[in-house]
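> what follows is a predicted structure for the sequence shown.
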Amino acid sequence: MATNTSKNKSNPETATSFAPAIISENAKVVLKHRYLLKNDNNEVIETPDQLFRRVANALAEEDKEYGKNEEEIRITSNKFYEAHIIWEEIWKDGNIEDRKKIKGYIQLTGAIINYLRGKKESSDYLFSKSIKNISSNNFRKIINQDKLINDIKLFYTTNDISIVQCENLL
């Protein structure tokens, strides 16, 4: 699978070495109906790439809580954005096992969000699904998945996993 490495020069503040993801027509329809911003007339006012950038920025903004400065937050945002583009390519071009792994990471994210929102039943369900999907195949060259699974279980059992414990996963 080729990595998308042409320059994204749409905004110098957020320029990365990754061009926007190539989105299927089906995915565009889903994004349009569920996720893209709309104006008061219900007209779409952002592109899928702008959505991905918006999400990356929102995720990176949380670093302010940990004392990160604007440049560090921008770098983190670019990392989230680039990871999303890579995952989009794997999802589009990858085999079923690659897709299952990505699904597991998405479920893990959903489990943590549900936990933070106090939705324990949903969180428990997604944690168990994520462990199953993350364990199902081998990304050990990219991620220390054994440590990740142990950290998920630690979070699940103690409800007190920290960001610092997750830093050594990559």
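Thanks, I have it. Nothing here was measured: the structure is a model prediction, and the numbers come from that model.

> tell me where the chain has helices.
With helices called from DSSP state H, the chain shows them at 25-34, 48-61, 70-93, 96-116, 120-135, 145-158, 163-166.

> pull the contacting residues for the spatially most central residue of the chain.
Among the residues of the chain, H84 comes closest to the average C-alpha position under Cα atoms, centre = their mean, at 5.8 Å. Applying Cβ atoms under 8 Å, 6 or more residues apart in numbering to H84 gives the contacts A21, F52, V55, A56. Any C-beta I mention is one placed from the backbone N, CA and C, and that applies to glycine too.

> excluding chain neighbours, what is closest to the first one?
The shortest distance from A21 to any residue other than its chain neighbours is 3.9 Å, reached at E88 (Cβ to Cβ, 6 or more residues apart in numbering).

> contact partners for the one you found?
Applying Cβ under 8 Å, 6+ apart, the residues near E88 are A21, I22, I23.

> can you pull the contacts of the first one?
If a contact means Cβ under 8 Å, 6+ apart, then A21 has N4, P48, D49, F52, H84, I85, E88, E89 as its contacts.

> which of those lies closest to K147?
H84 (22.8 Å; Cβ to Cβ).
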